[in-house]
Structures are given as C-alpha cells and as structure tokens.
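Sharing a sequence plus its predicted fold:
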Amino acid sequence: MTGRYSDEELEAAVEALTDPERFREAEALVARVAPALQRVLASALEAGGWFGESQETAVRNALGAEDPAERMRLIRTLLAEESRVSMFVGVAVGWALREELGPTEED
C-alpha cells in the first residue's frame, strides 16, 4: 500500500467507514492493540511537542480566568484542541500501522 491517493480515493475510503460493519471491524482491531497504541500515541504527541509548554500555558490561562463564562470558554477550547490534535495524530499512527502491516488478502 504505497504511493499517493487521489482526493476521490480518500473520500471514498472515509465514506466507507460510515458503514457500521466496516467500522466495527476496525474498532475490534484497534481494541486488540489499544494499550500498545496508547503508548505510541503518547510518544508521538510528546515527540511532536503537542502537549508541552504550550498546553501548560493554556491550562494556566484557563484556570486563571476570573470570569466563569470566560474560564468555561477557555477550557472548552482547550479540550476541543486537544481532541483534534489527538485525533489527527491517532489517525497518522493508524495509517503508519496499516503501512507497517502491509496489504491484506482483501487488498
């Protein structure tokens, strides 16, 4: 599974994941290796500097906001950003794992 994918191929692959059965298969595979994947994800996030000093600064800013509404907005923003970054890095780890495993009988 090498080479580049067209936008159409990527869109079709993402669309295929909306099929509950296909997603269940992927979910089952991930569950089998979840502890190891968590270590890889944590390592990738740390190596990329995603959750270093900038995260600590954002946490301090959120906790230091005097206005409760502003504090809530900052915390929600921080959680959303962390979720997005983790998701993107997780997808990259999954993609790399797929490349590492190579083609399957279905490929």
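Sure, I can see it. Numbering: from 1, shown residues only.

so where's this structure uncertain?
1-3, 104-107 (pLDDT under 70).

same thing but 80
1-4, 17, 23, 26, 45, 48-51, 98, 102-107 (pLDDT under 80).

biggest helix in it by residues?
helix 68-101 (DSSP state H).

Counting neighbours, what do you get for residue 54?
11 (other CB atoms under 10 Å). Every C-beta, even on glycine, is put in place using the N, C-alpha and C of the backbone.

likewise the one 10 residues further on?
Residue crowding around residue 64 was assessed by other CB under 10 Å; the count is 9.

cool, residue 45 as well?
Around residue 45 there are 19 residues (other CB under 10 Å).

wait, what's in contact with it?
51, 85, 86, 89 (CB atoms under 8 Å, 6 or more residues apart in numbering).

Also residue 51?
Contacts for residue 51 were tallied using CB under 8 Å, 6+ apart; they are 45, 82, 85.

now it: how far from residue 91?
Noted for residue 51: a distance of 17 Å to residue 91, by CB to CB, to the nearest Å.

What's the first helix or strand after the helix or strand where residue 43 lies?
Assigned by DSSP states H and E, residue 43 belongs to helix 34-47. Remark: after helix 34-47, the chain's next helix or strand is helix 53-64, criterion DSSP H and E.

which outside residues touch stretch 81-90?
Contact with stretch 81-90 is made by 37, 41, 44, 45, 48, 50, 51, 55, 58, as judged by CB under 8 Å, 6+ apart.

For these, which single residue is the most surrounded?
residue 45 (19 neighbours).

Quick check: that residue vs residue 51, distance?
In terms of CB to CB, residue 45 sits 5 Å off from residue 51.

I am finished for the moment; much appreciated.
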